[in-house]
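Enquirer: sharing a model prediction with you, sequence too.
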Amino acid sequence: MTAEYVRLIARKKQTFAEYREARDDVKEYFIVRDIIASLYETERKENEADRKRQQEQEC
């Protein structure tokens with residue numbers, strides 16, 4: 001029984017380490033996703049401003 005307990009504790013530690021690694025990967029994914037979304041939003045605003053300037057010049 002003690003050997004089984006030790007084996008289960010070791011497995012628990014390994015599984016928790018894998019969980020932490022996956023959790024960190026997910027956090028990194030969301031950071032990258034937010035950065036990309038911010039870049040696209042900045043580009044969209046710049047394009048919109050350019051279109052407005054072109055429309056004003058045409059008038």
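Expert: Thanks, I have the structure now.
Enquirer: what about Ile9, distance to Glu21?
Expert: 19 Å (CB to CB, to the nearest Å). Where you see a C-beta, it was placed from the backbone N, CA and C, and this is true even at glycine.
Enquirer: gap between the most centrally placed residue in the chain and Ala37?
Expert: Central residue of the chain (CA atoms, centre = their mean): Phe30, 1.7 Å from the mean position. Plainly put, Phe30 is 10 Å away from Ala37 if you go by CB to CB.
Enquirer: just checking, what packs against whatever helix or strand Asp24 lives in?
Expert: Asp24 belongs to helix 2-58 when assigned by DSSP states H and E. Packing partners of helix 2-58 (3 or more CB pairs under 8 Å, 6 or more residues apart in numbering; DSSP states H and E): none among the helices and strands.
Enquirer: and that helix, average pLDDT?
Expert: In this model, helix 2-58 has an average pLDDT of 96.
Enquirer: how many neighbours does Ala17 have?
Expert: 10 (other CB atoms under 10 Å).
Enquirer: for it, give me its contacts.
Expert: Contacts for Ala17 (CB atoms under 8 Å, 6 or more residues apart in numbering) come out as none.
Enquirer: go on, Phe16?
Expert: By CB under 8 Å, 6+ apart, Phe16 has no neighbours at all.
Enquirer: how much space separates it from Gln55?
Expert: 58 Å.
Enquirer: what do you get for Ala3?
Expert: 78 Å.
Enquirer: same check on Arg20?
Expert: 53 Å.
Enquirer: now do Asp24
Expert: Counting by CB to CB, the separation of Asp24 from Gln55 is 47 Å.
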